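**Student:** predicted structure and sequence below. I'll ask about it afterward.
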Amino acid sequence: MFESLTNKLESVFKRLRGTVTLNERNIADAMREVRLALLEADVNFKVVRDFTERVKSRAVGQEVLQSLTPAQQVIKIVHEELIALMGGRTEVGASGISPLNLYPDKLNSIMLIGLQGSGKTTACVKLAKHFRSKGYRPMLVAADIYRPAAIKQLETLGKQIQVPVFSVGTEVAPPKIAKTAIASAHEQNYNLVIIDTAGRLHIDTELMQELQEMKSSISPNEIWLVCDAMTGQDAVNVAQQFHQEIGITGVILTKVDGDARGGAVLSIRAVTGAPIRFVGVGEKLDDLEYFHPERMASRILGMGDVLTLIEKAEATLDAKKAKEMEEKLRKATFTLEDFREQLLSVRKMGSLESLFSMIPGMGKISDPALMQQSEQELKKIEAIINSMTPAERRDPQIISGSRRLRIAKGSGTSVQDINRLLKQYEQMRKMFKQFASGGKHMPKLGKIKFGF
């Protein structure tokens with residue numbers, strides 16, 4: 001999302017590093033470019049003005065100008081001010097980001113509000129799945145009576161993640177639905193009620209009155225506004241209006257994985273005072289992340305986000321299976337079935353481009369076109385292996401010419417693709433076998449490359 005902004009800021013800092021000494025003039029020039037970069041990223045102009053003034057004020061201080069590495073000090077100040085702009089450093093406790101007004105030993109409720117099309121319904125389900133993994137017992141509530149499709153969608157997705165959905169149709173007023181749902185959750189021993197409220201194409205008096213009545217009837221622990229990050233500055237304006245009328249306690253930004261310029265992420269906390277709680281980073285129901293200002297600031301400045309990458313790996317990869325795979329690699333007994341499992345595990349963590357962006361320095365050199373091509377190659381390999389029988393995956397030696405033709409037809413590839421994959425698999429197996437025997441006559445790694 002921040003690719004353009006990151007590139008512009010890196011260009012500014014590169015010039016600063018090439019400056020022998022820093023003074024008020026070249027710092028002012030740098031801040032002018034930073035200001036333009038932020039405005040082009042659709043950051044609120046008042047936020048930009050205040051941000052650059054704070055950075056400039058700190059950058060012309062004695063601790064920077066007298067430093068041995070003044071340019072690095074300026075980058076450090078920008079990093080710290082970006083973190084402060086987005087809400088400051090977060091602490092992660094047993095229940096996740098802190099502070100949340102949620103208590104596992106009590107019945108809690110969360111109202112999700114926002115405009116139509118912002119992604120509220122899907123966000124409800126993602127939250128339910130997330131909080132269940134944290135030990136909560138969630139129940140979803142279908143309170144959008146104006147869109148029967150929204151009720152159906154919530155019921156379908158709720159069934160998919162095995163979380164109950166409270167629904168009484170479209171004839172009952174939303175505030176009463178919410179109040180009845182709270183009572184039902186109490187009776188059935190659920191401790192987290194997540195309410196999907198109605199939205200509009202724009203903010204109107206009727207919508208606000210309904211949400212205010214619902215808030216009064218159930219006194220929710222949290223009211224989170226769901227905003228589409230792709231709408232940029234409009235998302236900030238919407239957040240400001242909802243906050244003034246309803247009083248939001250947090251924000252969930254959806255579609256952060258898209259090509260939005262990032263203005264909403266950098267502006268919304270400063271304008272509303274409400275913290276960003278979660279960000280949607282994909283369409284899958286697992287694609288929801290805590291929002292950490294310090295990690296987002298590091299991504300913006302091209303420093304990567306190793307902590308999020310590690311958390312993704314820990315949440316996705318099975319430690320026991322990883323140990324078993326390590327043993328198979330050591331003994332060179334891994335099969336194409338094992339290889340497919342590893343591919344699926346990596347794919348669950350996200351796109352290659354998103355994973356590379358979390359590795360310091362890799363985001364700068366990764367070519368989006370090359371990343372997309374690599375994604376297609378991995379899908380092709382997966383399709384080929386899926387078209388094999390279990391026996392063929394376990395023992396590729398039995399794959400004869402006729403079997404290769406069948407696999408090619410089944411996977412939508414060619415026999416040449418099958419031959420290439422089997423050859424690369426055999427080279428890889430031999431490499432690990434030789435490695436296990438002491439590393440003598442090891443083939444060069446550069447010759448072994450999975451791809452088409």
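**Tutor:** Looks like it arrived, so ask away.
**Student:** what is the burial count for the nearest residue to residue 110 once chain neighbours are set aside?
**Tutor:** Nearest residue to residue 110 in three dimensions, chain neighbours excluded: residue 222, at 4.6 Å (C-beta to C-beta, 6 or more residues apart in numbering). Every C-beta, even on glycine, is put in place using the N, C-alpha and C of the backbone. Residues within reach of residue 222, counting by other C-beta atoms under 10 Å, total 17.
**Student:** who's in contact with residue 222?
**Tutor:** By C-beta atoms under 8 Å, 6 or more residues apart in numbering, the contact list for residue 222 reads 100, 101, 102, 108, 109, 110, 111, 249, 250.
**Student:** looks like the fourth one contacts residue 218 (just checking).
**Tutor:** The one in question is residue 108. No. Using C-beta atoms under 8 Å, residue 108 is not in contact with residue 218; the gap is 10.8 Å.
**Student:** neighbour count winner among the two?
**Tutor:** residue 108 (23 against 20).
**Student:** phi, psi of that one?
**Tutor:** phi -110, psi 150 (degrees, to the nearest 10).
**Student:** could you check how far it is from residue 22?
**Tutor:** Note on residue 108: its distance to residue 22, by C-beta to C-beta, to the nearest Å, is 51 Å.
**Student:** quick check: which element contains residue 76?
**Tutor:** Here residue 76 sits within helix 70-85, counting by DSSP states H and E.
**Student:** what's that helix packed up against?
**Tutor:** In terms of contacts (3 or more C-beta pairs under 8 Å, 6 or more residues apart in numbering; DSSP states H and E), helix 70-85 is packed against helix 3-17, helix 24-40, helix 45-59, helix 62-65, helix 263-272, helix 293-300.
**Student:** tabulate those (JSON lines), appending distance to residue 153 and mean pLDDT.
**Tutor:** Below are the helices and strands packed on helix 70-85 laid out as JSON lines (distance: least, C-beta to C-beta, whole Å; pLDDT from 0 to 100):
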{"stretch": "helix 3-17", "distance to residue 153": "32", "mean pLDDT": "79"}
{"stretch": "helix 24-40", "distance to residue 153": "36", "mean pLDDT": "87"}
{"stretch": "helix 45-59", "distance to residue 153": "35", "mean pLDDT": "89"}
{"stretch": "helix 62-65", "distance to residue 153": "53", "mean pLDDT": "61"}
{"stretch": "helix 263-272", "distance to residue 153": "24", "mean pLDDT": "84"}
{"stretch": "helix 293-300", "distance to residue 153": "29", "mean pLDDT": "80"}
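**Student:** can you list those helices in TSV and add mean neighbour count?
**Tutor:** Shown next, in TSV, are the helices and strands packed on helix 70-85 (neighbours: other C-beta atoms under 10 Å):
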stretch	mean neighbour count
helix 3-17	17
helix 24-40	17
helix 45-59	17
helix 62-65	13
helix 263-272	25
helix 293-300	21
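**Student:** TSV for these, including distance to residue 399?
**Tutor:** Converted to TSV, those look like this (distance: least, C-beta to C-beta, whole Å):
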stretch	distance to residue 399
helix 3-17	42
helix 24-40	54
helix 45-59	60
helix 62-65	65
helix 263-272	49
helix 293-300	43
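**Student:** which one of the ones you listed lies closest to residue 182?
**Tutor:** helix 263-272 (26.7 Å; C-beta to C-beta).
**Student:** may I have that closest one as PDB, with CA atoms only?
**Tutor:** The C-alpha coordinates for helix 263-272 follow below in PDB (Å, rounded to 0.1, in the frame of the first residue of the first chain):
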ATOM      1  CA  GLY A 263      -3.600   8.500   3.700                       C
ATOM      2  CA  ALA A 264      -6.300   7.000   5.900                       C
ATOM      3  CA  VAL A 265      -3.800   5.000   8.000                       C
ATOM      4  CA  LEU A 266      -1.700   8.000   8.700                       C
ATOM      5  CA  SER A 267      -4.500  10.500   9.300                       C
ATOM      6  CA  ILE A 268      -7.400   8.700  11.100                       C
ATOM      7  CA  ARG A 269      -5.900   8.600  14.600                       C
ATOM      8  CA  ALA A 270      -4.800  12.200  14.500                       C
ATOM      9  CA  VAL A 271      -8.100  13.500  13.300                       C
ATOM     10  CA  THR A 272     -10.500  11.400  15.400                       C
END
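**Student:** ok, residues contacting it?
**Tutor:** Residues contacting helix 263-272 (C-beta under 8 Å, 6+ apart): 1, 38, 41-44, 46-47, 50, 82, 85-87, 227, 229, 231-233, 235-236, 239-240, 243, 248, 251, 253, 256, 274-276, 279, 296.
**Student:** got the angle for that helix vs helix 293-300?
**Tutor:** 140 degrees (axes from the mean of the first three to the mean of the last three C-alpha atoms, to 10 degrees).
**Student:** return the distance of helix 263-272 from the chain's centre.
**Tutor:** Distance, stretch centre to chain centre, for helix 263-272: 18 Å (C-alpha atoms, centre = their mean, to the nearest Å).
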